[in-house]
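Chemist: One predicted model, sequence on top.
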Amino acid sequence: MDDLMTAPSAKDPIVTFPDIIFLAFLVFSMLSVAWVGRLAYQEGMNNEITKRNGELWTKWFTQAGLDRGNDSYEPAPCTAGTVQGVMAVAPEATPVGPDSASSSEGIHILKSDPPMPAPSGTPLVTPVRRTWGPCLKALTAQGGPLAATVNPFTRKPLALVVKCDMADRRLAGGLMLEKIQVTPPGSAIPTINSPLIESDPIDQKMQVRITVCDKGAYPIRIAELEF
């Protein structure tokens, strides 16, 4: 009985090998939890930055929808209305006799007075509808109002995507712009949504939907507004 109550000798180890294994596992578990927590925090922040990018574009579209009808609006490519096309010069008119002309067969044909042709050198101006492409370029070019928006997942300038597809994680952080077209009364669906592409005219008011893609490329709708 006295032998069982005897204290361990000084030669006995204080920390055994199983204790070392347990402590190492405990440290590894704590580091893993901290690492996973940091990743979750970073992904959450990236999602918040992505939403903020969508809100910045929403703010610009909202204000532009109110102001871009002014002729002095900047950037000019985003102004409503048409723009003058390339000027051409009217060709010189071939003089025609007011009373008669001869055909190639020598037959004398009576002719009425022809309409007065445009004077030679008169400029001809054709109105051209403004499109989204030049406006987008002005917005994202260096010094543009939205040039500073960056995709937080790629650290590259924010790019527009056709759609948010969860099957393609490379779309995370992207921005999707859609134009909303109202269908005629009696149609099966009230509106048709399609991507806003560079060739789309923006000379008149239009409805726009703004969506961003989260970390899993899942769509997050930000706003639907008049532009």
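Modeler: Sure, I can see it.

Chemist: dump the residue contacts of Asp214.
Modeler: Asp214 makes contact with Asn47, Thr50, Ala172, Ile220, according to CB atoms under 8 Å, 6 or more residues apart in numbering. For every residue, glycine as well, the C-beta is placed using N, CA and C.

Chemist: Mind giving me the PyMOL select for the residues you listed, buried ones only?
Modeler: Those of these that count as buried under 16 or more other CB atoms under 10 Å are selected in PyMOL with:
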select buried, resi 47+50+172
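
Chemist: from the contacts of Asp214, which is closest to Ala138?
Modeler: Taking CB to CB as the measure, Ala138 lies nearest Thr50 of the contacts of Asp214, at 23.1 Å.

Chemist: Give me the helices and strands touching whichever strand or helix holds that closest one, please.
Modeler: Element membership for Thr50 (DSSP states H and E) is helix 17-67. Packing contacts for helix 17-67, counted by 3 or more CB pairs under 8 Å, 6 or more residues apart in numbering; DSSP states H and E, involve strand 150-151, strand 175-182, strand 207-213, strand 219-226.

Chemist: so which of the ones you listed comes closest to Glu198?
Modeler: Glu198 sits nearest to strand 175-182 of all these, at 11.1 Å, using CB to CB.

Chemist: Redo the contacts of Asp214 as JSON lines? Include pLDDT and distance to Gly186.
Modeler: JSON lines is the format used below for the contacts of Asp214 (pLDDT from 0 to 100; distance: CB to CB, whole Å):
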{"residue": "Asn47", "pLDDT": "93", "distance to Gly186": "41"}
{"residue": "Thr50", "pLDDT": "96", "distance to Gly186": "39"}
{"residue": "Ala172", "pLDDT": "95", "distance to Gly186": "40"}
{"residue": "Ile220", "pLDDT": "96", "distance to Gly186": "33"}
